[in-house]
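Colleague: got a sequence here, can you model it:
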Amino acid sequence: MEKLTNTEEEVMNIVWKTGGGLIREFISLMKEPHPPYTTVASIVKNLEKKGYLNADMHGNTKYFTPAIKEEDYKRQSISKIVKNYFSNSYKDMVTFFANEENLSEKDLDEIISLIKNKKTK
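Modeller: Numbering: from 1, shown residues only. Sure thing, here's the model as predicted:
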């Protein structure tokens, strides 16, 4: 799975949120000021080429739907971050965020609880 640019991710997040739609619908949900139609059409075309979107013809218009699940994209993206920045160690990643004070004690307790509950299933 090829990494997405920030703008491609913005479009994909809209597609995942809506379940699919037309380019004009995606534009209306993007941050202001809205990019030109041709810009978003190019982004959508690239996402289709990369295998992230499916396109179905409805008359003269293409209707786009996600070709991959959001969870699958997140899983692979996080795996790459852990591999490239934390020597493939999720423990090192969590330790990094805990040391940076981005995680509260309550957050850490919730993570520990989730891990314990997963082990008991």
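
Colleague: what's the local residue count around S42?
Modeller: Residue neighbour count, defined by other C-beta atoms under 10 Å, stands at 13 for S42. (Glycine included, C-beta is placed from N, CA and C.)

Colleague: and it, how far from L114?
Modeller: S42 is 40 Å from L114, where distance means C-beta to C-beta, to the nearest Å.

Colleague: which segments of the chain make up each domain?
Modeller: Following the assignment in automatic domain parsing, the chain carries domains at 6-66, 87-121.

Colleague: for K74, which of those is the nearest?
Modeller: Nearest to K74 among the domains of the chain is domain 6-66 (10.0 Å), distances taken as C-beta to C-beta.

Colleague: ends of that closest one, how far apart?
Modeller: 17 Å (C-alpha to C-alpha, to the nearest Å).

Colleague: chain center to that domain, what's the gap?
Modeller: 14 Å (C-alpha atoms, centre = their mean, to the nearest Å).

Colleague: what is the mean pLDDT for it?
Modeller: Over the span of domain 6-66, the pLDDT mean works out to 96.

Colleague: can you check stretch 70-81 too?
Modeller: For stretch 70-81, the per-residue pLDDT values average out at 93.

Colleague: how about that stretch, which residues are buried there?
Modeller: Taking 16 or more other C-beta atoms under 10 Å as the basis for neighbour counts, the residues of stretch 70-81 that come out buried are Y73.

Colleague: what does stretch 41-51 give?
Modeller: Within stretch 41-51, the residues that qualify as buried by neighbour count (16+ other C-beta under 10 Å) are 41, 43-44, 46-47, 50.

Colleague: what is the burial count for A98?
Modeller: Residues near A98, counting by other C-beta under 10 Å: 15.

Colleague: take the buried residues of stretch 41-51 and keep only those in helices.
Modeller: Where the buried residues of stretch 41-51 overlap with helices, as defined by DSSP state H, the overlap consists of 41, 43-44, 46-47.
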